[in-house]
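Here's my sequence, what's the structure:
(2 chains)
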Amino acid sequence: MSTPFIKRYPFSDFEPRWQEHWLCTNAFHAKNPGESGFDPSAKKRYILDMFPYPSGNGLHVGHLVGYTATDILSRYYRLRGENVLHPMGWDAFGLPAEQYAIKTGQHPRVTTEKNISRFRKQLQLLGFSYDWEREINTTDPAYFRWTQWIFLQLYHAWYNPSTQRIEHISTYTGENPNSLRLAYVANTPVNWCPELGTVLANEEVVDGKSEVGGFPVERRPMRQWMFRITALADRLLSDLEELNWPESIKQLQRNWIGRSEGAEVMFSLQNQPDKKITVYTTRPDTLYGATYLVLAPEHPLLEELNLSPSVQKALEKYRSDSQTKSDLERTDLAKKKTGIPLELACINPINGEVIPIWVADYVLMSYGTGAIMAVPAHDERDNEFARAFHLPIRSVIQTPQGVSLPFHGTHGELINSPLINGLEPPEAKINITQWLEGNGHGRRSIQYKLRDWLFSRQRYWGEPFPIVWEKGEHRALNENELPLEPPEMEDFRPTGTAEPPLAKAKDWVRYSDQATRELNTMPQWAGSCWYYLRYCDPKNQEAFVGQEVQEYWREVDLYVGGTEHAVLHLLYARFWHKALFDLGHVTTAEPFERLVNQGMILGPDGQKMSKSRGNVISPDDVIAQYGADALRMFEMFMGPLEHSKPWSMTGVEGIYRFLARVWRLIMLETPEGTLQLTSNITEEPMTASQRRIVHATIKKVTSDLENLSFNTAISQMMICVNAFLNANPCPLEAVHILLRLLSPFAPHLAEELWVHLAATFPSVKALGALASESSWPTWNEEYLLFEEVTYVVQVNGKLRTRLTLAATTSEEDVEKAALADPSMQAHLLNQAIKKVIVVPGRLVNIVIL
RNA sequence: GCCGAUGUGGCGAAAUGGCAGACGCAAGGGACUUAAAAUCCCUUUCUGCGAAAGCGGAGUGUGGGUUCGAGUCCCACCAUCGGUACCA
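Next comes the predicted model:
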């Protein structure tokens, strides 16, 4: 049995009241240019949360860390007079809704609506200051109309290598525009997940399993829509430099893009000099160490070679074996190398050496040229393979003593390499590359790990492609045919084959006598690739965002969300944004100027919160017991925003006690049970020491907010409140400054106490009718100064005594006072003083031998 | 393996190269109360000497280094977490 709970202040009376007030008055509506009341002199600030996927489980306290942080900042910047855009919406297309719908027989639209209402209500219970007039929902036809429109812009675009920009396809004068579109159809091996009945992007496959659900994924060739994201690989990489993002996220994106510099080298076949194999290597300096060559099993050249019948047979078996291997199996078997010899040879251009050609699945068709030169002395994988199949290993770099092969370092003299003997690898790399280019045997080459983005899914609950097929050719719908809504369907289960569920909607599929609709839908990422733009102008029916509005709000100034989107959403959105930028639709090259990742909130047991562990904390319960302000503040008080930290109910209680102290500082309950201001509060000026602590608090809270150090800002406010708890009289100025500092953190309490104060004191009312309509206080450095300072006196860095001196004491006099201090004499007796260091206002260090 | 982050009391944490542990939780003691709740006050890194006030010593994952002075800077290592993995 829980003990009866006594409310220390009446939060359950006023919190809902203020939430209602803010909602009814649209208190936090951000004005667009052209809107009445728009103030062109106010600085704009765009503060964005990663919008949630409205799942059936509702929010838990972990979701609220980031939302609370951005809300506090939004309220803070509003008090500073800025025009703050702080919106919220719903990323509502996606697999879970569809799977739930299949299980329960309800249409996903129904469950999605229900979940959204629940989420909205939960967020409103926290008193978040969203501009609800800008709420968006990716499943709303008025929204996805523009998702489809942007798709069409990308479909009608290509990457022009000569301008290095994305341009309208009409600037391409070649013969086959379809082969160059930014959105294109490809028949390539894709990640097919039978359990989910859909294909997945590379980014959605983790360890050979689907990121959602953890089901096995297999490679199979399918005709799919792709985005040519690789065209922007270099810009996606280099533009990271300027962004104010966590270094770790930048690094994750760099690794994912995976740029490497090397060379392509052409090897001629021994008996067919006209046939050449091009390999990619990052180590052209080891060219003399190549002892064999390997082709990927899918390499197209294999079709053209004259192989002996027995080899041909072995090859076919090997190819079909490796093709049916799932990615998971390939990973599991990574240590054991397999392959077959082709019984053909090619010629190393640098020395004319004849080396054998093999086929092995440790070489991937999807990277580089799908062929490698194997240098077993200086590459781990080649070394393993060479030892497994007894191929020669030749070292070409002087290996340091005690280091065994394979040696892949880049320090050491080249050996066994006539043209470059004695050089260091970096220099040799340049020399060889120049030699290859000069003799027509290869060239410098840059490769990326990043691959094109697989953009279609075999789902019902997603945006249909604005594409129709006619005589085997795809073509775009007209803009005036948008939005293209999914058909109403009773049965949208996966077909059990690779055919998408939309195929079952026969009427919908038929576009005309000649044409049928594209059956795939877009992945969940589509809607989130541009939602931050729609918030700027959510009701615009003429454009995805109005030009003037876009030029005003520009990029997101601060974006807060979880690390899980490091390479998915954040890379995709950057790609769309750059495309829109090149095409002239947006004014910045990057969408998110500053990014912050909030840490995870763990369960009270220190484990990740999950239903199965039974350690999920629901905000609803916390609010019922302690109120929204206490929940908000505790989320911030727990520790640095970016850190993971375990939940603690007693910790909430501590914050709750603090808020109750603030309440009692101002309000008193009479024996009859009515509320009134405490009589302590008067318009008496603050004493010097009160003024010092109040102004120190303004300074600390302000700088902490700028640095997103919410936890220490709260500590400072606690120190300040503790200092005034027994003050009588309690100066009004201290109280209204404190309330304004507190108002972004605990907005309900601040609002409530403010109106009580304002009712009695006109000077408070003059600052604003509500705390949220007042202004952020400023501090005066002069008030922070002390008349006396305490010096720490050290001997050889060890604390020996303290000394209180007037703040104006000169360094010389400080030194004298320290040496003369009676308690120092024992330490200094018979000691030669080597040096005395005085740090003004802080310490004296006496150095003796 | 590679890349990145983090290691400070019983716990969450704080500390422009300058008093380590602010602020809070938990624990213990006290005041108020018939009693409890609520509230308020005190103690709480480890350790040596002391009845006590007090006086010392050690201490920020480990080992080195730079410095008058290092949680903070440098080098090496260990542990935990996250990402990634045949990318030539």
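
Return the residues of the stretch 351-500 of chain A in contact with RNA strand B.
Counting by Cβ under 7 Å from any atom of the strand, the stretch 351-500 of chain A comes close to RNA strand B at A:361-364, A:366-368, A:370, A:372, A:375, A:379, A:381, A:447, A:449. Using the backbone N, CA and C atoms, a C-beta is placed for each residue, glycine as well.

Point out where chain A drops to low pLDDT.
A:1-6, A:324-335, A:402, A:671 (pLDDT under 70).

Can you say which of the residues of the stretch 351-500 of chain A next to RNA strand B are buried?
Listed as buried from those are A:D361, A:Y362, A:V363, A:Y367, A:G368, A:G370, A:I372, A:V375, A:D379, A:R381, A:Q447, A:K449; burial here means 16 or more other Cβ atoms under 10 Å.

mind listing which of these are in strands?
Among those, the members found in strands (DSSP state E) are A:I372, A:Q447.

Now go through the buried ones among the residues of the stretch 351-500 of chain A next to RNA strand B and say which are in helices.
Of those, the ones assigned to helices by DSSP state H are A:R381.

Measure how far stretch A:253-262 is from the centre of its chain, please.
Relative to the mean C-alpha coordinate of its chain, stretch A:253-262 is positioned 18 Å out (Cα atoms, centre = their mean, to the nearest Å).

which residues of the stretch 701-849 of chain A fall in strands?
In the stretch 701-849 of chain A, strands defined by DSSP state E, counting those that start in this stretch lie at A:730-731, A:788-795, A:798-806, A:833-839, A:843-848, listed in chain order.

dump the residue contacts of the closest residue in space to A:M667 that isn't next to it in sequence.
Computed as Cβ to Cβ, 6 or more residues apart in numbering, the closest residue to A:M667 that is not its neighbour in sequence is A:L675, at 5.5 Å. The neighbours of A:L675, taking Cβ atoms under 8 Å, 6 or more residues apart in numbering as the test, are A:P10, A:M667, A:L668, A:E669, A:H756.

beta partners of A:L675?
Counting by DSSP bridges, A:L675 is bridged to A:E669.

Let's check: the centremost residue of chain A is which one?
Residue closest to the mean C-alpha point of chain A, counted by Cα atoms, centre = their mean, is A:A566 at 4.1 Å.

got a list of what that residue touches?
For A:A566, the contact set (Cβ under 8 Å, 6+ apart) comprises A:I249, A:L252, A:Q253.

between those, which is closest to RNA strand B?
Closest to RNA strand B out of these is A:L252 (4.8 Å), distances taken as Cβ to the nearest atom of the strand.

For that closest one, grab the count of nearby residues.
16 (other Cβ atoms under 10 Å).

ok, now A:L659?
So A:L659, with other Cβ under 10 Å, has 23 neighbours.

host element of it?
helix A:649-666 (DSSP states H and E).

That helix: which residues count as buried?
Buried residues in helix A:649-666, counted by 16+ other Cβ under 10 Å: A:V652, A:I655, A:Y656, A:F658, A:L659, A:A660, A:R661, A:V662, A:W663, A:L665, A:I666.

Tabulate those residues in CSV, adding columns for distance to A:A806.
Shown next, in CSV, are the buried residues of helix A:649-666 (distance: Cβ to Cβ, whole Å):
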residue, distance to A:A806
A:V652, 45
A:I655, 40
A:Y656, 43
A:F658, 36
A:L659, 40
A:A660, 41
A:R661, 35
A:V662, 36
A:W663, 40
A:L665, 34
A:I666, 37
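
re the thing from before, comparing the strands of the stretch 701-849 of chain A, which stretch has the densest surroundings?
Using mean count of other Cβ atoms under 10 Å, the stretch among these with the largest mean neighbour count is strand A:730-731, at a mean of 21.

show me what contacts the closest residue to RNA strand B within chain A?
Relative to RNA strand B, the nearest point of chain A is A:G654 (2.6 Å; Cβ to the nearest atom of the strand). Residues near A:G654 by Cβ under 8 Å, 6+ apart: A:F634.

contact partners of stretch A:757-770?
For stretch A:757-770, contacts defined as Cβ under 8 Å, 6+ apart pick out A:666, A:677, A:681, A:683, A:732, A:735-736, A:739-740, A:751, A:754-755, A:774-775.

mind listing the strands for the stretch 451-600 of chain A?
Using DSSP E, counting those that start in this stretch, strands in the stretch 451-600 of chain A cover A:453-454, A:467-470, A:473-476, A:515-517, A:558-561, A:595-597.

can you tell me which residues contact A:E635?
A:V61, A:L64, A:V65, A:T68, A:I601.

Scan those and report the most crowded one.
Per-residue neighbour counts (other Cβ under 10 Å) across the contacts of A:E635 peak at A:T68, which has 27 neighbours.

Doesn't that residue lie inside a helix?
Yes - counting by DSSP: H, G, I helix; E, B strand; the rest coil, A:T68 falls inside a helix.

thought it was touching A:L126?
Yes - between A:T68 and A:L126 there is a contact under Cβ atoms under 8 Å: 7.1 Å.

joint contacts of these two?
A:R632.

So which bits of the stretch 601-750 of chain A are right by RNA strand B?
So the stretch 601-750 of chain A meets RNA strand B at A:637-640, A:643-646, A:648, A:650-651, A:653-655, A:657-658, A:660-661, A:709, A:711-712, A:714-715, A:718-719, A:722, A:725 (Cβ under 7 Å from any atom of the strand).

can you pull the buried residues of stretch A:599-615?
Buried residues in stretch A:599-615, counted by 16+ other Cβ under 10 Å: A:G599, A:M600, A:I601, A:L602, A:G603, A:M609, A:N615.

what helix or strand is the last one on?
Secondary-structure assignment from DSSP H and E places A:N615 in no helical or strand segment.

contacting residues for the closest residue to it other than its chain neighbours?
Leaving aside its sequence neighbours, A:N615 sits nearest to A:G603 (Cβ to Cβ, 6+ apart; 2.9 Å). Residues counted as contacts of A:G603 (Cβ under 8 Å, 6+ apart) are A:M609, A:S610, A:R613, A:N615, A:V616, A:I617, A:P646, A:W647.

Widest-spaced pair of these?
Across the contacts of A:G603, the longest distance by Cβ to Cβ is 13.9 Å; it joins A:S610 and A:P646.
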